[in-house]
Every structure is written in structure tokens, then in C-alpha cells.
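Chemist: predicted model follows, preceded by the sequence.
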Amino acid sequence: MIRPNKNNFQGAFFMIFAKRILPVLIGVGASAIGLSGGLMAQTPTLPPAVAISREPLELDVSKWVGCKRVPGGSLCAPAIQTGTPEIQAQLKAQQAAATAAGVKPLPPIPLTPMTCGVPMMGANNQPLARPPQGGRGPIRVLFISKGHEFEREHLLGMLDCLGDDITYAHAEHPAADVLMTPEGSKNFDVFVFYDLGGPGVLQLGPNGERNRFYPDPSPELKKGFAALLKQGKGMVFLHHASAAWTHTWPEYAEVVGGACDWYSPVTVRGILDPHHGYYPRTAQRQTVVDKSHPVVAGLGDGFDITDEAYGCAWFPESVKPILTTSFTPPDPRVNFNPQRQYSNLSTWVKVSEGSPVFYTQMGHDNNAWRVPAYQQLIRNAIKWAASPEAHAWAKANRTRIFK
């Protein structure tokens, strides 16, 4: 058992867990980031939570701060999720209504072994050494998810492959919101977002029409997130994180550098788009725009990938381009207002308030996660977001997003 102490990241994280997250798990002394509109009050006392993970929830931080691949499995951070029986019942009812309305999910992609981006056999059919995996290194990452399903084992497996100098813990909303404050985040260097906050909740009208309700972010989340950015916390946003809070929190889109809604009309920067496009399992070429930037180190001129492509409202004038995609929507007029031009940017960096920010549109499923170049890109992005150089760049180019 690792004993907590102020000079030990694992111990410090345990202290944060004991002070801030454990009350969430037992339903005492914490406030939830709740859904409005009757799904959950804004600041209720939390009921007991449900903890989900590959392993039972361990209070021994040596088993869940960071990840380590081991024979036969992994020791990885648990995802923490809170909810009431009423919310769970409503979610089941919504899923049943969607099924009755004929909404069918895409068939799952066959799962294949994660190889950490290294072929298992090399020249002359000789085994290749595996790179360092997992680890408890100096770069401390909080990986945040919820709001969009994903292949849990394989994405966490990719995070395991990022090397010994990166340590991560994984939390889901709303428990993650407790850490999204200057106080809660002091034991993390970088936040990695793979979430979709404020998604449209399907509701069926009296005549069978399908409507979507968009919850607001809580005042506590808005305040804490803005404070983190002003403080200069490094942030990495992946794939569908660009669709978070699109209808209810326009400043969030400015932080990321763009906004998406693939189903409903959405107003972005004052322009109403019919809906944005997504194109599953699309073969595309990613071309490096700036070879001198650290986030593309080792990627050469670019790489090929099969991944879900987007046709969304990006803000190219507000970002520093890193990668472009060869993909173009079949007919952008279907997705965009005539006043908006389609941008083939797929990856960029920017400054939001005082924070260095990275976003890539790639990363839908294991088709992308298992690509060595994609793993290298994410590894580079995390290291860059934690680096003194990125923070100096952000400090010298501060922007103002929040009042």
C-alpha cells in the first residue's frame, strides 16, 4: 500500500480522492454537476454512486493511479460514475424509445489485440521489443469521459501504451467535475477530454416526434473550467469532445476551436447550420502542416488512417494548423450555412485564456487507436501540453474567452 504524502503524486492524488471524490462515491458532502430540465437538480446531495472499472474499485492507489499492462490484464484507473436510480430508469426508457423508433447503432468493430504501435515481429521474423507501457512518470494526466460510448478496453489500452513518463487516472462526469477546479487539479499536469458534455437527450413527443433536450452546464462547472484555463492548465481534446456543450455553452467551442452537432440544427458563432456531418470508417490521408511543431515529431509528412471523419464548424482563423485531412464531405451544402466554408483542418493547437490547447478530430475507435502514428500524435500532444515551452507560448499569447 502506498502511503500518501505531500511529495508523492500517488499519495497526493489519494488525498484528493479522500477529500473530494470519496464523498461523491458515498453520497456525503458533495454537490453534483447535474442535468437541468428535471433530470437532476443543479446541486443536490449525491446518492450512493456506481463505480465501474476493469477491476473492482481499489483504494490502494498503487493499483489505480496510472496504468500498467501485466500478463493477463491491466491494473488501471477505474472510471467513476454517479447517478440515481431515477436517472438510470430514464436512460433505459430513452434507449427503449430510440429502439422503438428504429434508431439502430452501428455494428461493433471486431476487437483486435493492442500492440502499442509496434509490430509483433520484425525483420527476419524476429520478435521486436515492446515499448515502455503504462508507468508512473512525471507527466500526470486526468483522462475524462462520459456522454459518448466507446470501446473501453481498447482506448484504455492505447493510453497504457503512451510510455513510462505518462501517468493517468480516469474519471467520468460528474465525478470528474470535482477535479475541474484549480484546487482539484493541482495534482495533474494535463487534462485529456474524451467526453461529450451536454449531449442532446432524445425525447419523444405526444405524436411520436423526436425532440432533443440540451442540458446546461452547472454554474460550478463553468466557474471551475474558466479558472483552470486562466490558470494555464494544459488541455488535450479528442474527437467527439468538439461536440460538448454546443447548444448551451458557446465559450466552450471557443476553447476547443470548433463545434459539432451531427443531428440537429445548431447555431455556431451566430450562423445557423442545418446539421454537421460524420462519416464512419473513412480512409483518409493526414498531412502535416508544420513539421517544426513538437506534436508532429516522428510523423514525417503525414500518415494514412481509417477513422470517422467530421464535417463540422471549425475556426481556422483562431488556431495554429497542425494536420489537414484529405477527406471532403460529399456535399458541404447539406451540413453548412452558405455563409460558412468547410475547413479540412483535422488537428490544431491554440491558446485559450492562458492554457495551451490541442485538438484532433481523429480517434473514434480502435481503427484509429491502434495506428502507431496516432499513438505518437497523442503522446506528443500530452507531452507538449505539459511542457514549459507550451506554457510560455500560451502566456505570451493569452486570449480572453470568459468574462
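Modeler: Now that the structure is in, tell me what you want to look at.
Chemist: how near is Lys403 to Thr246?
Modeler: Distance, Lys403 to Thr246, using CB to CB, to the nearest Å: 20 Å. All C-beta atoms are positioned from the backbone trio N, CA, C, and that covers glycine.
Chemist: so these two - more neighbours on which side?
Modeler: When Lys403 and Thr246 are compared for neighbours, Thr246 comes out ahead with 28 against 5, by other CB atoms under 10 Å.
Chemist: the more buried one and Phe143: what is the separation?
Modeler: 22 Å.
Chemist: then Ala313?
Modeler: 26 Å.
Chemist: so who does the nearest residue to Ala386 once chain neighbours are set aside touch?
Modeler: Leaving out its chain neighbours, the residue that sits closest to Ala386 by CB to CB, 6 or more residues apart in numbering is Asp189, at 4.3 Å. For Asp189, the contact set (CB atoms under 8 Å, 6 or more residues apart in numbering) comprises 139-141, 234, 385-386.
Chemist: ok, now with 6 Å
Modeler: 139-140, 386 (CB atoms under 6 Å, 6 or more residues apart in numbering).
Chemist: out of the residues you listed, who's nearest Leu159?
Modeler: Distance to Leu159 across the contacts of Asp189 (CB to CB) is lowest for Ile139, with 12.2 Å.
Chemist: so that closest one sits right up against Ala385, yeah?
Modeler: No. The criterion here is CB atoms under 6 Å, and Ile139 misses it with Ala385 at 8.9 Å.
Chemist: more neighbours, those two?
Modeler: In this view Ile139 and Ala385 are compared by other CB under 10 Å, and Ala385 has more residues nearby, 26 against 21.
Chemist: pretty sure that one contacts Val192?
Modeler: No. Contact criterion CB under 6 Å: Ala385 and Val192 do not qualify, at 8.7 Å.
Chemist: got any residues that touch both of the two?
Modeler: Joint contacts of Ala385 and Val192 (CB under 6 Å, 6+ apart) are Val236.
Chemist: contacts only, for His391.
Modeler: Here His391 is in contact with Gly232 (CB under 6 Å, 6+ apart).
Chemist: how close does it get to Val256?
Modeler: Distance from His391 to Val256, by CB to CB: 19 Å.
Chemist: equivalent analysis for Glu151, please.
Modeler: 23 Å.
Chemist: compare the two (neighbour count), which wins?
Modeler: More crowded of Glu151 and Val256, by other CB under 10 Å: Val256, with 26 against 16.
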